[in-house]
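Novice: sequence and predicted structure below; questions after.
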Amino acid sequence: MTSQNEMSRTLGFIPVLSLVVGTILGTGVFLKAAIMSQYLGSSTWVLIAYVVAGLLSLAGALTYAEIGILFPRAGGEYIYLKEAFGEMPAYLYGWQRFWVSAPGTIAAYAVGTATFAAPIMNLEWLGGQKGFAIALILIFSALNCMNVQLNGRLQSFMTFLKVAMLFFIIGGVLFFATDGTNQNITASGSAFPGFSAFGAALLAALWAYDGWNNMPMVAGEIKNPSRNIPWALGLGVLGILGLYGVIHYCYFYALPFNEVLSANSKNNPAALPVAAKVAETFMGPSGILFLGIAMMFSAIGAMNGSILTNARVPYAMAKDGLFLPSLAKLHPKSQSPYMAIIVQAVLSVILALSGSFDQLTDYVVFASWIFYALVTASVFKFRKTMPLAPRPYKTLGYPVIPVVFLVLAVLLLVNTLWTSPQESMWGLVIIMVGAPVYYLQKRFSTATPSQAAAE
């Protein structure tokens, strides 16, 4: 029997796998090829960067899976950091996740959906693109409050649609694109563009993979977590890696390199996305409509997955007495952390109205990777402090895979500090502002974790 303050385990393997794939598969696969081409100047190196980013994400996911089995509770990285390094690092993670990372990601997906919808729908009756984005946030937040199991099925359905649409594009290019520009694959320059350029492109690719870490946040609601967590993480990230590799091969097969280079990016925001240009090669003008619908579904599915997973972090922190006690409340019928979802929705709406998402994305990714590295490092500590704990799954390639992940993560962070100092420093500032708040809260708070959870 589930207590009033404990979540029910209702998510089976298919919803969990769909959550992994659906949260990763958002807007990056449609939009990042252009900016990466501008950094690297070569289709070959764009493909290499995507493969490296995918392998790096897979290494992280394979390590997270072992830790997720040790602590199959709601909260994900917050729980892992607390158990490994204590309250302060865990609080700083939850602080930046709650105020910026989670609502910023949700808002970005909502505004992305509105951007894709604008050319094919009349949004004026909802107040334009921002009104449409706000409506999406409120609707899907309400759905997440109502029924976790139903939302898991909805996530599975949207993930199936997104993957099917990508396979449609792949099939259309390979069987019907007749432009004959497949010489891009070998004809573009192949000289290494330099570590700074490659690191910047890698950061862009990692945004396209971002979300692989989200599934463990709902570990407290997963059936048979010792089996479903590692299988869903491993298969989900590996499947996305393969899908991204093939779809980007198709981009460069169907289009001249300069067409990819001049597609939609922060340097050319008025241009068509590269995926729309590709669909146009075998569908004509209707390809733009098709891609608009495909990108809408993709962004909505990723937004829904982000709402579902991210609300579990403030819920877990509130249960420990480190956040507002009301955020630990579960809905009596749906067993969802409805108060955390509501507050998260309000913050997401504020960021959607601000419209400052490109810059937020850069320093949120930087800040997130600091904690990805810390969580991955915790696997070494748990092997020493919990040697006898049951581990139905152990990290493949241990200790090599976690070490490689940590080395590459540190190099990525250093390179980002060098190439994007303003965004990186903002990421660090957001994290460090949480430190004095933590000490003030500890000093003046009189509620114990048990009291916070009971309220």
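Specialist: Sure, I can see it.

Novice: what's downstream of the helix or strand harbouring residue 317, the next helix or strand?
Specialist: Per DSSP states H and E: residue 317 is located in helix 312-319. As assigned by DSSP H and E, the chain's next helix or strand after helix 312-319 is helix 338-354.

Novice: tell me the angle that next one makes with helix 312-319.
Specialist: Relative orientation of helix 338-354 versus helix 312-319 (axes from the mean of the first three to the mean of the last three CA atoms, to 10 degrees): 130 degrees.

Novice: compute the distance from the centre of helix 338-354 to the centre of its chain.
Specialist: Centroid separation for helix 338-354 versus its chain: 17 Å, with CA atoms, centre = their mean, to the nearest Å.

Novice: give the buried residues for that helix.
Specialist: 338-345, 347-349, 351-352 (16 or more other CB atoms under 10 Å). Yep, even glycine has a C-beta here, placed from its N, CA and C like the rest.

Novice: turn these into TSV, including pLDDT and distance to residue 128.
Specialist: Output for the buried residues of helix 338-354, formatted as TSV (pLDDT from 0 to 100; distance: CB to CB, whole Å):
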residue	pLDDT	distance to residue 128
338	90	29
339	92	30
340	92	29
341	92	25
342	94	24
343	93	25
344	93	23
345	95	20
347	91	21
348	92	17
349	92	15
351	83	17
352	84	12
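
Novice: same list (the residues you listed) but as a markdown table, adding distance to residue 305.
Specialist: Below are the buried residues of helix 338-354 laid out as a markdown table (distance: CB to CB, whole Å):
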| residue | distance to residue 305 |
| --- | --- |
| 338 | 18 |
| 339 | 20 |
| 340 | 16 |
| 341 | 13 |
| 342 | 18 |
| 343 | 19 |
| 344 | 13 |
| 345 | 15 |
| 347 | 17 |
| 348 | 14 |
| 349 | 18 |
| 351 | 18 |
| 352 | 17 |
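
Novice: out of the residues you listed, who's nearest residue 17?
Specialist: Of all those, the one with the least separation from residue 17 (CB to CB) is residue 341, at 22.7 Å.

Novice: and the gap between the closest one and residue 310?
Specialist: 9 Å (CB to CB, to the nearest Å).

Novice: what do you get for residue 264?
Specialist: In terms of CB to CB, residue 264 sits 27 Å off from residue 310.

Novice: which of those two has more residues huddled nearby?
Specialist: Each of residue 264 and residue 310 has its neighbours counted (other CB atoms under 10 Å); residue 310 has more, 26 against 21.

Novice: pLDDT wise, what is the more buried one at?
Specialist: Residue 310 carries a pLDDT score of 86 in this model.

Novice: and the closest residue to it other than its chain neighbours, how many residues sit next to it?
Specialist: Take residue 310 and drop its neighbours on the chain: the residue closest to it by CB to CB, 6 or more residues apart in numbering is residue 102, 3.6 Å away. When counting by other CB under 10 Å, one arrives at 26 neighbours for residue 102.

Novice: just say helix, strand or coil for the residue nearest to residue 100 when sequence neighbours are not counted.
Specialist: Once flanking residues are discounted, residue 100 sits nearest to residue 430: 5.6 Å by CB to CB, 6+ apart. Following DSSP: H, G, I helix; E, B strand; the rest coil, we place residue 430 in the helix state.

Novice: begin at 16 from here
Specialist: Taking 16 as the first residue, the last one we looked at is residue 445.

Novice: contacts only, for residue 445.
Specialist: Neighbouring residues of residue 445 by CB atoms under 8 Å, 6 or more residues apart in numbering: 110-111, 114-115, 378, 382.

Novice: before we move on, what about residue 381?
Specialist: With contacts defined as CB under 8 Å, 6+ apart, residue 381 is in contact with 218, 428, 431, 435, 438-439, 442.

Novice: try it again at 10 Å.
Specialist: Under the criterion of CB atoms under 10 Å, 6 or more residues apart in numbering, the contact list for residue 381 reads 218, 427-428, 431-432, 435, 438-443, 446.

Novice: next one: residue 182
Specialist: The neighbours of residue 182, taking CB under 10 Å, 6+ apart as the test, are 258, 261-262.

Novice: so which of those are in helices?
Specialist: Residues of the contacts of residue 182 located in helices (DSSP state H): 258, 261-262.

Novice: what about the residue nearest to residue 115, distance to residue 215?
Specialist: The gap separating residue 445 from residue 215 is 21 Å, by CB to CB.

Novice: what does residue 444 give?
Specialist: Distance, residue 444 to residue 215, by CB to CB: 21 Å.

Novice: quick check, residue 401 in contact with residue 395.
Specialist: No: at 11.4 Å, residue 401 does not count as touching residue 395 under the criterion of CB atoms under 10 Å.

Novice: measure stretch 363-381 end to end?
Specialist: Distance across stretch 363-381, first residue to last, is 20 Å (CA to CA, to the nearest Å).

Novice: so who does residue 382 touch?
Specialist: Residue 382 makes contact with 107-108, 111-112, 115-116, 428, 438-439, 441-446 under the criterion CB under 10 Å, 6+ apart.

Novice: pretty sure it sits in a strand.
Specialist: No: using three-state DSSP, the secondary structure at residue 382 is helix, not a strand.

Novice: assign a three-state SS to the nearest residue to it once chain neighbours are set aside, would you?
Specialist: Once flanking residues are discounted, residue 382 sits nearest to residue 442: 3.7 Å by CB to CB, 6+ apart. At residue 442 the chain is in helix, as set by three-state DSSP.

Novice: surely residue 442 and residue 107 touch.
Specialist: No: assessed by CB under 10 Å, residue 442 is found out of contact with residue 107, at 11.7 Å.

Novice: and these two? Which one has more around it.
Specialist: Taking neighbours as other CB under 10 Å, residue 442 and residue 107 compare with residue 442 leading, 27 against 23.

Novice: distance of the more buried one relative to residue 33?
Specialist: When residue 442 is compared with residue 33 (using CB to CB), they lie 30 Å apart.

Novice: ok, back up a step: who wins on neighbours among the contacts of residue 445?
Specialist: residue 111 (26 neighbours).

Novice: that one sits in which helix or strand?
Specialist: Going by DSSP H and E, residue 111 is in helix 102-111.

Novice: other SSEs contacting the next helix or strand along the chain from that helix?
Specialist: With elements assigned by DSSP H and E, the helix or strand that comes after helix 102-111 is helix 117-132. Contact partners of helix 117-132 among helices and strands, from 3 or more CB pairs under 10 Å, 6 or more residues apart in numbering; DSSP states H and E: helix 43-55, helix 102-111, helix 143-161, helix 301-325, helix 353-369, helix 372-400.

Novice: so for helix 117-132, mean pLDDT?
Specialist: On average, helix 117-132 scores 83.

Novice: surely the residue nearest to residue 325 and residue 330 touch.
Specialist: No: here residue 117 does not reach residue 330: they are 11.9 Å apart, not a contact under CB under 10 Å.
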